[in-house]
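Visitor: need a structure here:
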Amino acid sequence: MQHPTIAHRIIELQNNDLALRDRLAKEGRLSEGYDEEMRDLHIYHATILYEIIKEIGFPTIEKVGKKANEAAWLVIQHSIDLPSFMKRCASLLKEAVDAKQADAAHWAYLTDRIAVFEDKPQVFGTQFDWDENGQLSPNPIEDEANLNERRKSVGIPNTIEEKTESIRFHARYNNLTPPKDFMKRKQEMEEWKKSVGWIF
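Guide: The predicted model follows:
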């Protein structure tokens, strides 16, 4: 590892993120849109990571170790108010994956998240949301027939069927509930995408 101090800082960002998520989940603040406290933290973390990338380049496994490389991906994955940053990081992450310096599954998750925000079908079936029946279901997927093969090709261990079952179990176990007004939430989501520049 070339940058242990930076590695520690990136892991700290991840831990802060997860701690806030746990607290908001316990307070029941995760089902009704993007919580403002979480949004502020995500933007703050992305700003710190942006400075780190300017200083050392993308935080690859060689530079910061596997744990911090994964933590950096989580920060990027949550920087949803910053489309340009997220897309730039997806490109850098792909370069790191090609150089065997990052996890291909992380790139798949990030690629899918960007596609969903841009109202495009996802490729690897990693992104889920509440559907009109109050169930967590995968967002639209391109070429669904070959999906499980693609998941396997990037190291995602489970099939889409297994993942759907697991994610629904997790939601029940953690008392996560669907939004009270599905159509209102959907409309708010579209308005948010436009407001930050995912769609025009």
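
Visitor: I figured residue 63 hits residue 10, correct?
Guide: No: Residue 63 is beyond contact range of residue 10, at 10.2 Å (criterion: CB atoms under 8 Å). (Glycine included, C-beta is placed from N, CA and C.)

Visitor: between these two, tell me which one has more neighbours.
Guide: residue 10 (26 against 20; other CB atoms under 10 Å).

Visitor: any idea of the pLDDT on the most centrally placed residue in the chain?
Guide: By CA atoms, centre = their mean, the mean C-alpha position of the chain lies nearest to residue 77, the distance being 3.3 Å. On pLDDT, residue 77 comes in at 97.

Visitor: residue contacts, the nearest residue to residue 128 once chain neighbours are set aside?
Guide: Leaving aside its sequence neighbours, residue 128 sits nearest to residue 136 (CB to CB, 6 or more residues apart in numbering; 4.9 Å). For residue 136, the contact set (CB atoms under 8 Å, 6 or more residues apart in numbering) comprises 128, 129, 130, 164, 167, 168, 171.

Visitor: residues of the strand or helix carrying residue 97 that come out buried?
Guide: Assigned by DSSP states H and E, residue 97 belongs to helix 83-98. Using 16 or more other CB atoms under 10 Å as the test for burial, helix 83-98 gives 83, 85, 86, 87, 89, 90, 92, 93, 94, 96, 97.
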